[in-house]
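S.K.: here is a sequence together with a model predicted from it:
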Amino acid sequence: MWCAIYLCCLVVTGYPLTLGLSRGASKIEIAGLSVCMGTGVMGIVLIFLSMAGIRPAAAEIFVIAGIMALAAPVVRHFKKSETIVERGQSKVAPWWAVACFVAMGYGLLSVGIDAIHFPVI
């Protein structure tokens, strides 16, 4: 039960930041990015709290999620109009996309080899 509540807090925490930074994104993209941004924002804030001497607990997590939930309507109100990107237009050069896929493939390969070949060091 607490895990589901915490996951909802992560989505609520990431939503205002994602909404403010996304331009022309669909609702499903905003939802997916909210989970990723919420994890990052919550993690950074909890690290700052622990560095300040406050032990992170459920109350702190709920306070952070509450503050970000109050920030969401403000961000939505002040957000500029969205520019809709037409499908089929890509501003990424093909060679750059290939370079990124090669780098991700190398990372996946090296982590996979370490996990399978050297499971315990």
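M.R.: Ah, there it is.
S.K.: show me where the protein dips below the pLDDT cut-off.
M.R.: Scanning the chain with the threshold set as pLDDT under 70 gives 80-90, 120-121.
S.K.: could you list the domains of the chain?
M.R.: Domain assignment of the chain by automatic domain parsing yields the ranges 2-87, 90-121.
S.K.: can you put those in a markdown table and add mean neighbour count?
M.R.: For glycine as for every other residue, the C-beta is placed from the backbone atoms N, C-alpha and C. Listed next are the domains of the chain as a markdown table, based on neighbours: other C-beta atoms under 10 Å:
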| stretch | mean neighbour count |
| --- | --- |
| domain 2-87 | 14 |
| domain 90-121 | 9 |
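S.K.: quick one: residues contacting R76.
M.R.: By C-beta atoms under 8 Å, 6 or more residues apart in numbering, the contact set of R76 is L19.
S.K.: check which helix or strand it maps to.
M.R.: Assessed by DSSP states H and E, R76 sits inside helix 58-78.
S.K.: return the list of helices and strands in contact with the next helix or strand after that helix.
M.R.: Of the helices and strands lying after helix 58-78 in sequence (DSSP H and E), the nearest is helix 94-117. Counting contacts by 3 or more C-beta pairs under 8 Å, 6 or more residues apart in numbering; DSSP states H and E, helix 94-117 packs against no other helix or strand.
S.K.: gap between helix 94-117 and the chain center?
M.R.: Mean-position distance between helix 94-117 and its chain equals 21 Å (C-alpha atoms, centre = their mean, to the nearest Å).
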